[in-house]
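Student: this one's structure only:
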């Protein structure tokens, strides 16, 4: 379960609408909550902490570090994360999001190529495959 899934689950368990959560988080409308729950935007550590407070849980649970929404040993800690830890966490989140975006773009490109290939005549497909074989031999790819 992702952080985004946990936010959605906690919101629905609490009986909150996306509009209500948006207002509690200071967003002008629910569109940002929709994007967050779909995993389409990054969330800063500051926002993760805010979501945890509004949804009555811990940042550790939202980030998948603990199994349950409330862990006594975690919730009793009132000290914020060290700035270096915060920076490392935000960097890791950004890296994962960047990797996801790259994978999504690669999938979109693959689908476009498949559609183009499917639209070719049989002669066009054969010619393209021949050109691919030539390129493989020239550049030594398998």
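Tutor: Right, received. Where do you want to start? Keep in mind that what you see is a predicted model, and the values were worked out from it rather than measured. Residues are numbered from 1 along each chain as shown.
Student: Can you give me the pLDDT of the residue nearest the centre of the chain?
Tutor: With distances taken as CA atoms, centre = their mean, residue 39 lies nearest the centre of the chain, 4.1 Å away. Among the per-residue scores, residue 39 shows a pLDDT of 90.
Student: I'd like to know how far it sits from residue 89.
Tutor: Separation of residue 39 from residue 89 (CB to CB, to the nearest Å): 17 Å. All C-beta atoms are positioned from the backbone trio N, CA, C, and that covers glycine.
Student: again, but for residue 108
Tutor: Here the criterion is CB to CB. By it, residue 108 lies 29 Å from residue 89.
Student: So for these two, which sits in the more crowded spot?
Tutor: Using other CB atoms under 10 Å, the more surrounded residue of residue 108 and residue 89 is residue 89, with 16 against 10.
Student: Give me the below-cutoff pLDDT ranges for the protein.
Tutor: Scanning the chain for pLDDT under 70 picks out 69-81, 141-142.
Student: looking at it, which residue lies furthest from center?
Tutor: Here the chain reaches farthest from its C-alpha mean at residue 123, the gap being 41.6 Å by CA atoms, centre = their mean.
Student: per-domain residue ranges of this protein.
Tutor: Here the domain parsing of the chain from automatic domain parsing is 1-80, 81-142.
Student: Deepest-packed of those, please.
Tutor: Neighbour counts (mean count of other CB atoms under 10 Å) averaged over each of the domains of the chain peak at domain 1-80, with a mean of 15.
Student: State the helix or strand in which the residue farthest from the centre of the chain lies.
Tutor: helix 122-139 (DSSP states H and E).
Student: how would you label residue 10: helix, strand or coil?
Tutor: helix (DSSP: H, G, I helix; E, B strand; the rest coil).
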